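1. fold the following and give me the result.
(one chain, ligands or ions: 1)
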Amino acid sequence: MNHIREGKEISGQREFVRLSLSLRIQHMALFSSVLVLIVTGLPQKYAYTSVSQLFFRIVGGVVVSGIIHRVAAGVLIGVGVYHMFYVVLTREGRSLFRDLLPTLKDFGDVGRNVLYFFGFAKERARFGRFSYLEKFDYWAVYWGMVIMICSGLMLWFHEHVLQVIPKLWLDIAREAHSDEALLATLAIFIWHFYNVHFNPSRFPMSMTWWTGKISEEEMMRDHPLEYQRIIAEESQTVKKHVSQGSMLEGADTNESSYNQEEKGTGKGEVSPDVSSSADAPQIIDGATG
Ligand code: HEM
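-> Down below sits the predicted model:
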């Protein structure tokens, strides 16, 4: 119980940086361009409806809507290309990509949560930096973007495309573009919005997309294994400083590979006792109830 209380006392004083500025800007460019693409694309798909007719009248016609669609497509392509470079050329990007790769544990986590939701397991799965839900989000967008960009470019430059491939392929591209657009729209508004807006623990919205930060309480609840790893790493750093004869206050916790920020006077409050990796799960279990 002591650990649970201490865990709650600490929460609210410390925050962890979950999304760097680069990731936040990539995410903002991604969601603004995708929203514009949905708003200008779907009226084309359902052009026969009165809502679409109204939309085209408001924006100034089908041609204008098509131009806006192409501008937003340019932004989406820009984000995609930038993300490729970010993942290949930066250490932060490589680490992100590695942590987003599916592992056997993810499949085990799905099974465990299914058992938990049906009442056959006492505890739900405990996640590291990314849960299987977040990984699924990332890879769905990844492959969605590949399909939308490839098929969109074929539609955009159809005159050139038709000189090298039969029309059947262009028809398939149009079908893929059109159907994937609907699938992406539903996935965003049902799956993604539930996870980041309508989930009772996040309602009305997780602000991480804007601040990049996550509270210690959220960290313990949603990413307990990652929290445990950071705390253990901190503990090692503190022990190293102590064994080197440094003062405890002088120990710079920013040596942790994970970015973290502390508000108020939280610095130095995590004692090696509380933060040992063996103790951390007790804090987490208590927080999750
Ligand atoms: C998430 C992203 C996107 C969504 C949701 C989306 C949605 C749509 C939809 C629903 C249509 C109408 C299809 C139909 O007639 O059945 C369409 C058409 C089209 N899209 Fe996209 N699109 C996206 C990305 C792109 C990209 C990246 C490009 C270009 C590289 C692109 C270029 C086009 C073109 C050229 C058309 C043909 C209509 C026109 O000439 O304006 N789209 N899009």
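2. does Pro204 really touch Val196, like I thought?
-> No - Pro204 is beyond contact range of Val196, at 10.2 Å (criterion: Cβ atoms under 8 Å). For every residue, glycine as well, the C-beta is placed using N, CA and C.
3. and the two? which has more neighbours close in?
-> Val196 (17 against 7; other Cβ atoms under 10 Å).
4. residues from the stretch 101-250 of the chain in reach of the ligand?
-> Residues of the stretch 101-250 of the chain found near the ligand (Cβ under 6 Å from any ligand atom) are 148-149, 152-153, 155-156, 177-178, 181, 184.
5. check those residues and tell me the two furthest apart.
-> Trp156 and Ala184 (17.8 Å; Cβ to Cβ).
6. neighbour count for these two, which is higher?
-> Ala184 (21 against 14).
7. hmm, that one is touching Leu30, no?
-> No - here Ala184 does not reach Leu30: they are 11.7 Å apart, not a contact under Cβ under 8 Å.
8. any idea how far Ile231 is from Ser131?
-> According to Cβ to Cβ, to the nearest Å, Ile231 and Ser131 sit 19 Å apart.
9. one more: Ser50?
-> On the measure of Cβ to Cβ, Ser50 and Ser131 end up 42 Å apart.
10. the more surrounded of these two?
-> Ser131 (19 against 7).
11. for the more buried one, phi and psi?
-> Note on Ser131: its backbone torsions stand at phi -80, psi 170 [degrees, to the nearest 10].
12. and what of Val17?
-> phi -80, psi 110.
13. try Glu226
-> According to degrees, to the nearest 10, Glu226 has phi -70, psi -40.
14. for the ligand, what's its nearest residue on the stretch 1-150 of the chain.
-> When you check the stretch 1-150 of the chain against the ligand by Cβ to the nearest ligand atom, the closest residue turns out to be Gly41, at 2.5 Å.
15. OK, contacts around that residue?
-> By Cβ atoms under 8 Å, 6 or more residues apart in numbering, the contact set of Gly41 is 69, 181.
16. check it and give its pLDDT.
-> For Gly41, the pLDDT comes out at 97.
17. since we're on the closest residue to the ligand within the stretch 51-200 of the chain, how many residues are nearby?
-> Nearest residue of the stretch 51-200 of the chain to the ligand (Cβ to the nearest ligand atom) works out as Gly152 at 2.3 Å. Around Gly152 there are 24 other residues, counting by other Cβ under 10 Å.
18. check contacts around it.
-> 73, 177 are the contacts of Gly152 under Cβ under 8 Å, 6+ apart.
19. what about it, distance to Ser178?
-> Gly152 is 11 Å from Ser178, by Cβ to Cβ.
20. repeat for His160
-> Distance from His160 to Ser178, by Cβ to Cβ: 21 Å.
21. Trp169 too?
-> 15 Å.
22. again, but for Ser65
-> 15 Å.
23. the two: who's more crowded?
-> Ser65 (20 against 16).
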